[in-house]
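> Show me how the following folds:
(one chain, ligands or ions: 1)
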Amino acid sequence: MRATANVNGQISLAAEAKISILDRGFQYGDSIYEVVRTYEGVPFFLDEHFDRLENSARLSKMRLSQSRDFLRTEILRTVKESGVQKGEDVFIRFTISRGEGPLDLDPAVVSKTSYVILVKELPPWNKNFYSDGMTLAIPSVLRNSPLALDPNIKSGNYLNNILAVAEAKEMGGDDALLLSPDGKLTEASNSNVTFVIDGGLRSPLHESGTATGNLRGITRTLIAALATEADIHYADVPLFPQDLGQATECFVSSATREVMPVKAVLLRDGRKISFPSGGGPIIKRLQQEYTRYVADYVRARKSEAWF
Ligand code: PDD
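Model (predicted):
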């Protein structure tokens, strides 16, 4: 397959795609986006990603000019143009920018949102992240306060997360585990984090409007449901770095990482909290349940496969 882009209807190789410098996504990060993947050609949870896109638009006071059906058709057109074959799968990122207009922060100066769709191969995650696990480090940079920029807006402005990753890498981590301004654990730079405490799953609270913000992950929501079905207790709770001492397993989740074990968390005071290499029994069980769920999902939608 070829990495392929669709900029407001214009499809080209991703490397040749261009947007206007007057686009507010470029000028101000005034955009929102989603990342979806396929399994055996079937888009996974596309409607849930559209729901979240619409929630991001609502929270950022953006009126979407493109309907869900229009975007779905455009995404499919881009996927087909990529030349992807049966047996492969794709990563799809779709971004909606508030649009093109004069340099003026007032969002009212633009009347039409613009869109960019990128279709490419799935991220080639380091195999050790699954066989062994990732190391997260807690940087001094804090996650955006929901009272300033709600992390439930999946916005095109990831500078907060970028600064956190840069610092986490300097600390010897693979990724960051960000704290909120009120000192609670929130999430990693582009995935949610969950711990096993007292045999149950505990993930940081993520409601909009609370002091602790993190993105309501679609993968985490699925994992919560799978855990509950498997009689593993799940709860969203406030969590602090000092609670990590009680955690026996830790993993991150996202559409592309699925259930990825964390082998260590590096704390701000120099301590390191370690977890079983490659994940403990609960992570292994969740990975199995996840694989089973995906297989059932794909089987039930075989006729809707895109390629
Ligand atoms: N990231 N938190 C943040 C900040 C994210 O960017 C993401 C997703 C998640 C997990 O959400 P989900 O389970 O719905 O993928 C949590 C995508 C994958 C990305 O930016 O590539």
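> Skip the chain neighbours and tell me the closest residue to Pro43.
Using C-beta to C-beta, 6 or more residues apart in numbering and skipping the chain neighbours, the partner closest in space to Pro43 is Val36 (5.7 Å). For the C-beta atoms, the positions are set from N, CA and C on the backbone; glycine is no exception.
> Helix, strand, or coil at that neighbour?
Secondary structure, DSSP: H, G, I helix; E, B strand; the rest coil: Val36 is strand.
> beta partners of it?
Legend: beta-bridge partners of Val36 under DSSP bridges are Ile92.
> Tell me who's in contact with it.
Pro43, Phe44, Phe45, Leu46, His49, Ile92, Phe94, Ala255 (C-beta atoms under 8 Å, 6 or more residues apart in numbering).
> Please report phi then psi for the fifth one.
Summarising the backbone geometry of His49 under the convention degrees, to the nearest 10, its torsions are phi -70, psi -40.
> quick one on the thing from earlier: let me know the closest of the contacts of Val36 to the ligand.
Ala255 (3.6 Å; C-beta to the nearest ligand atom).
> burial of the closest one, as a residue count?
22 (other C-beta atoms under 10 Å).
> Tell me the spacing between it and Gly270.
According to C-beta to C-beta, to the nearest Å, Ala255 and Gly270 sit 33 Å apart.
> Let's see the pLDDT reported for the closest residue to the ligand within the stretch 51-200 of the chain.
Per C-beta to the nearest ligand atom, the residue of the stretch 51-200 of the chain with the smallest distance to the ligand is Asn190, at 3.7 Å. As predicted, Asn190 sits at a pLDDT of 98.
> Would you enumerate the residues in contact with it?
Counting by C-beta under 8 Å, 6+ apart, Asn190 makes contact with Tyr158, Asn161, Ser254.
> I'd assumed it was in a helix, is it?
No - according to three-state DSSP, Asn190 belongs to no helix; its state is coil.
> returning to that earlier point: would you format the contacts of Asn190 as CSV with distance to Asp106 and secondary structure included?
Shown next, in CSV, are those (distance: C-beta to C-beta, whole Å; DSSP: H, G, I helix; E, B strand; the rest coil):
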residue, distance to Asp106, secondary structure
Tyr158, 23, coil
Asn161, 26, helix
Ser254, 34, strand
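> which ones among these come in contact with the ligand?
Ser254 (C-beta under 6 Å from any ligand atom).
> Would you mind listing what in this protein touches the ligand?
35, 187, 190-192, 215, 217-220, 253-256.
> again, only using 8 Å
Contact residues, the chain versus the ligand (C-beta under 8 Å from any ligand atom): 33-35, 45, 48-49, 52, 93, 123, 151, 154, 158, 161, 187-192, 214-221, 253-257.
> Which of these are buried? Put it as a ChimeraX command.
Buried residues within the residues of the chain next to the ligand, by 16 or more other C-beta atoms under 10 Å, are selected in ChimeraX with:
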select :33,34,35,45,49,52,151,154,161,187,188,189,190,191,192,214,215,216,217,218,219,220,253,254,255,257
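> So, low pLDDT: which residues of the chain?
Within the chain, the stretches with pLDDT under 70 are 208-209.
> now the helices for it?
Assigned by DSSP state H, the helices in the chain fall at 24-28, 46-59, 68-81, 128-131, 159-170, 218-229, 281-300.
> how about the ones you listed in a markdown table, adding distance to Gly245?
Shown next, in a markdown table, are these (distance: least, C-beta to C-beta, whole Å):
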| stretch | distance to Gly245 |
| --- | --- |
| helix 24-28 | 41 |
| helix 46-59 | 33 |
| helix 68-81 | 44 |
| helix 128-131 | 24 |
| helix 159-170 | 20 |
| helix 218-229 | 22 |
| helix 281-300 | 18 |
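> Go through the contacts of Val36 and name the one nearest Thr4.
Ile92 (10.2 Å; C-beta to C-beta).
> Is it correct that the closest one is in contact with Thr38?
Yes - applying C-beta atoms under 8 Å as the test, Ile92 and Thr38 come out as touching, 7.4 Å apart.
> Give the residues shared as contacts by those two.
In contact with both Ile92 and Thr38: Val79, using C-beta under 8 Å, 6+ apart.
> Could you pull up the contacting residues of Thr78?
Residues in contact with Thr78 (C-beta under 8 Å, 6+ apart) are Thr4, Ala5, Asn6, Ile11, Ile92, Ile117, Val119.
> Which of the residues you listed are buried, as a PyMOL select command?
In PyMOL syntax, the buried subset of the contacts of Thr78 is picked out as below (16+ other C-beta under 10 Å):
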select buried, resi 4+5+6+11+92+117+119
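> which of the contacts of Thr78 sit farthest apart?
Ile11 and Ile92 (13.5 Å).
> quick one: terminal-to-terminal distance for stretch 128-145?
33 Å (C-alpha to C-alpha, to the nearest Å).
> All set, thanks.
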